[in-house]
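Engineer: structure, please.
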Amino acid sequence: MKTAFITGANRGIGFETAKQLLQKGFYVYLGSRNMENGTKAIQKLKAENLTNVEAIEIDVTDNDSVKNARIEIGKKTDTLDVLINNAGINGGTPYTALEASKEQFLSAFDTNVFGVASVTQAFIDLLRKSPEPRIVNVSTSVGSLTLQSDPNWMGYNFAKYVVYGSSKAALNMFTVHLAYELRGTPFKVNAVCPGYTKTDFTGYNGGEVEEAGKRIVKYALLDKNGVTGRFISEETNPTTGEIPW
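Structural biologist: Prediction:
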C-alpha cells in the first residue's frame, strides 16, 4: 500500500486531497498543527469508511515539531511515496506593498517557504526509498511573476496580495531547485495551483474543493513519464496545465 503525508490536511483542500488519496488506496498521514483538529478530521474520514489514515501533529514552523513528526511516521513506515506540502497562510492584511508589515512577511515565509524546506528535508530519506517518489508543493498562480506583470491576465487587477504572492514566488523557486537537485532520479517534483477554491481560506468563494483536490492528486500520481520541475495551474491553462514562472 502506498503512503502519503500531507501537511495542513485537517481541513480545506488538504483534507479533500487526503480523502481522494484514501479513495485511491493510499495510507495517509494527515498532518495537523493541532492534534484535536486532526483527530476530528480523522473521525470524519472514518465515518465514510476511509480507515487507512491517522493524524500526525506538525507545526511546519517549529523544527522540533517537524522532527517529531518524522520520528512518528518513521515508526510506522520506512517508505513514503508522496509528500504534499499543503500547509500555508496568506499573511493577513494589509495586502499592499506600501502597507504590509515586516511581521506579515516573516510569518508567511516561515510557513510557506521555510516550513516546506524543513519538511522536505526531514522526509527526503523516506521518499528516497520509494520506487516512484512524488513531491507536490501547493502553490498559486498569484505567485507567478509573469502573470502578475501581464495586464491581460484575468487576475491582474485583483490578485494583488504582496505578502502571499511573494512567499509563493519564493516557494516556486525552491521547487525549481529541488527538482534540479533530484534530476536523474525517479522523483517528480512540481508546484501545483489548486485554483481559487471555496474554503475558509477564500471566505468560501471560488470553485469546488473536489476539483482542487483532483488537481493536486493528479500530480501526486504521475507515472514515470510525468513532468517534473513545472508550475501547474489547470484553472489558468486548462490545455496543458503549465503556466509561466
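Engineer: where does Thr240 land in three-state SS?
Structural biologist: coil (DSSP: H, G, I helix; E, B strand; the rest coil).
Engineer: neighbours around it, how many?
Structural biologist: Residue neighbour count, defined by other Cβ atoms under 10 Å, stands at 10 for Thr240. All C-beta atoms are positioned from the backbone trio N, CA, C, and that covers glycine.
Engineer: where along the chain do the helices fall?
Structural biologist: Using DSSP state H, the helices of the chain run over 12-23, 35-46, 63-76, 102-109, 115-128, 145-148, 162-181, 209-220.
Engineer: show me what contacts Lys19?
Structural biologist: Leu45, Glu48, Leu50, Gly213 (Cβ atoms under 8 Å, 6 or more residues apart in numbering).
Engineer: and those residues as TSV, adding neighbour count and distance to Thr93?
Structural biologist: Formatted as TSV, the contacts of Lys19 follow (neighbours: other Cβ atoms under 10 Å; distance: Cβ to Cβ, whole Å):
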residue	neighbour count	distance to Thr93
Leu45	19	33
Glu48	10	36
Leu50	18	36
Gly213	22	28
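Engineer: farthest pair in those residues?
Structural biologist: Glu48 and Gly213 (14.1 Å; Cβ to Cβ).
Engineer: buried deepest among the helices of the chain, which one?
Structural biologist: helix 12-23 (a mean of 24; mean count of other Cβ atoms under 10 Å).
Engineer: average model confidence for that helix?
Structural biologist: Average pLDDT, helix 12-23: 98.
Engineer: quick check: angle from that helix to helix 209-220?
Structural biologist: 60 degrees (axes from the mean of the first three to the mean of the last three Cα atoms, to 10 degrees).
Engineer: from Asn63, how far out is the residue nearest the centre of the chain?
Structural biologist: The chain has Asn86 as the residue nearest its centroid, 2.5 Å off, counting by Cα atoms, centre = their mean. Separation of Asn86 from Asn63 (Cβ to Cβ, to the nearest Å): 19 Å.
Engineer: before we move on, what about Asp223?
Structural biologist: On the measure of Cβ to Cβ, Asp223 and Asn63 end up 35 Å apart.
Engineer: pull the contacting residues for Leu21.
Structural biologist: So Leu21 contacts Ala4, Ile6, Val28, Val82, Val217, Ala220 (Cβ under 8 Å, 6+ apart).
Engineer: from those, which is closest to Gly92?
Structural biologist: Among the contacts of Leu21, and counting by Cβ to Cβ, the member closest to Gly92 is Ile6, at 23.7 Å.
Engineer: touching, that closest one and Ala18? I think so.
Structural biologist: Yes: Ile6 lies in contact with Ala18 (Cβ atoms under 8 Å); the separation is 5.4 Å.
Engineer: that older thread, can you pull the contacts of the residue nearest to the centre of the chain?
Structural biologist: Ile6, Thr7, Gly8, Ala9, Ile13, Gly14, Thr17, Gly31, Val138, Ile216.
Engineer: how close does the first one sit to Ile135?
Structural biologist: Distance from Ile6 to Ile135, counting by Cβ to Cβ: 12 Å.
Engineer: overlap in contacts, the two.
Structural biologist: Contact criterion Cβ under 8 Å, 6+ apart; residues shared by Ile6 and Ile135: Ile84.
Engineer: need the CA coordinates for stretch 186-200. CSV is fine.
Structural biologist: Extracted in CSV, the C-alpha atoms of stretch 186-200 (Å, rounded to 0.1, in the frame of the first residue of the first chain):
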residue,chain,number,x,y,z
PRO,A,186,12.6,8.6,-10.0
PHE,A,187,11.4,11.8,-8.2
LYS,A,188,8.8,14.0,-9.7
VAL,A,189,8.6,17.5,-8.1
ASN,A,190,6.1,20.1,-9.1
ALA,A,191,4.4,23.3,-7.9
VAL,A,192,0.7,22.9,-8.3
CYS,A,193,-2.0,25.6,-8.0
PRO,A,194,-5.3,24.0,-6.9
GLY,A,195,-7.2,27.1,-8.2
TYR,A,196,-9.4,29.6,-6.4
THR,A,197,-11.5,27.4,-4.2
LYS,A,198,-14.4,27.5,-1.7
THR,A,199,-12.7,27.1,1.6
ASP,A,200,-12.3,29.3,4.7
